[in-house]
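Novice: coords below, sequence missing:
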């Protein structure tokens with residue numbers, strides 16, 4: 001279970017950035033907390049969402065993405081495996 005803290009959000013952002021994705025916080029008409037623009041490898045997060053929603057949205061995206069583990073360090077690989085193997089409960 002991931003804690004709903006700013007540190008968790010920062011770890012998720014850093015994981016995505018290391019994997020080659022850009023993370024931006026924008027306003028918009030989102031049905032979910034974030035969207036993924038595949039061609040530009042950009043993740044857009046609804047900046048008006050609360051902290052828990054932002055974390056949940058990034059975790060859901062990370063579960064679906066095929067991330068190259070060679071780009072990540074050991075801690076990030078372990079964190080990503082934890083995300084993919086556990087169910088998020090906020």
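Specialist: On my side now, so go ahead. This is a predicted model, so every value here is computed, not measured.

Novice: Pull up the pairing partners for the helix or strand of the chain at the bottom of the mean pLDDT ranking, direction included.
Specialist: Least confident element among the helices and strands of the chain, by mean pLDDT, DSSP states H and E: strand 34-37 (a mean of 79). Strand 34-37 sits in its sheet next to strand 42-46 (antiparallel), going by DSSP bridges.

Novice: quick one: contacts of the strand it pairs with?
Specialist: By C-beta atoms under 8 Å, 6 or more residues apart in numbering, the list of residues contacting strand 42-46 from outside reads 16, 21-28, 30, 33-37, 53-54, 57-58, 61. Where C-beta positions appear, they are placed from N, C-alpha and C, glycine not excepted.

Novice: what comes up buried for the next helix or strand after that strand?
Specialist: The helix or strand immediately downstream of strand 42-46 is helix 51-64, counting by DSSP states H and E. When neighbours are counted by 16 or more other C-beta atoms under 10 Å, the buried residues of helix 51-64 are found to be 52, 53, 54, 55, 56, 57, 58, 59, 61, 62.

Novice: Can you tell me the centre-most residue of the chain?
Specialist: Residue closest to the average C-alpha location in the chain (C-alpha atoms, centre = their mean): residue 58, at 2.7 Å.

Novice: Who are the contact partners of the closest residue to that one other than its chain neighbours?
Specialist: In this structure, residue 58 finds its nearest non-sequential neighbour in residue 12, 4.3 Å apart by C-beta to C-beta, 6 or more residues apart in numbering. Contacts for residue 12 (C-beta under 8 Å, 6+ apart) come out as 55, 58, 59, 62.

Novice: isn't there a helix covering residue 12?
Specialist: Yes. Read with DSSP: H, G, I helix; E, B strand; the rest coil, residue 12 is one of the residues of a helix.

Novice: any idea of the pLDDT on it?
Specialist: pLDDT for residue 12: 95.

Novice: what about residue 73, how many neighbours?
Specialist: 10 (other C-beta atoms under 10 Å).
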